[in-house]
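Undergrad: got a predicted model here, sequence first, then my questions.
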Amino acid sequence: MVTAIVFVSADVATIPQTAAAIADLDGVTEVYSVTGEIDLVVMVRVPDLEQVATVVTERVDRVPGVLSTQTHVAFRTYSRHDLEAAFSIGS
């Protein structure tokens, strides 16, 4: 599984609608509205890098209100939440 973090600059007037539309896309697991230089942080989780490209360039970039994106691919995950979830399976 590949995780990508996509920073989205959006039309400020349409952030709620843009975020909701992105959240509905296949491959997108979460969308966060944030403060700072970007407007949305999008978490993409897909089986391979080719699908990251598809989700970002053919889906996220085409959502009305998206002005630009910047994509970061995760090498490893260091998350207490993920570890706790994995060890609680079957408990």
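TA: Yep, it's here. Numbers count the residues shown, from 1 in each chain.

Undergrad: surely Val46 meets Arg59?
TA: No - counting by C-beta atoms under 8 Å, Arg59 is not a contact partner of Val46; they are 10.8 Å apart. To be clear about C-beta, it is placed using only N, CA and C from the backbone, and glycine gets the same treatment.

Undergrad: where does this protein have low pLDDT?
TA: Judged by pLDDT under 70, the chain has its weakly predicted residues at 81-91.

Undergrad: now the strands for it?
TA: 2-10, 28-33, 40-46, 66-73 (DSSP state E).

Undergrad: gap between the nearest residue to Thr3 once chain neighbours are set aside and Ala10?
TA: In this structure, Thr3 finds its nearest non-sequential neighbour in Ala74, 4.2 Å apart by C-beta to C-beta, 6 or more residues apart in numbering. Between Ala74 and Ala10 the computed distance is 22 Å (C-beta to C-beta, to the nearest Å).

Undergrad: can you count the residues close to the closest residue to Val12 other than its chain neighbours?
TA: Of all residues not flanking Val12 in the chain, Asp39 sits nearest, at 7.1 Å (C-beta to C-beta, 6+ apart). The local packing count at Asp39 equals 22, with neighbours defined by other C-beta atoms under 10 Å.

Undergrad: Val44 is in contact with Val28, isn't it?
TA: Yes - contact status for Val44 versus Val28: in contact at 5.8 Å, counting by C-beta under 8 Å.

Undergrad: okay, and the common contacts of these two?
TA: 55, 60 (C-beta atoms under 8 Å, 6 or more residues apart in numbering).

Undergrad: give me the more crowded residue out of those two.
TA: For Val44 versus Val28, the count of surrounding residues by other C-beta under 10 Å is larger for Val44: 26 against 21.
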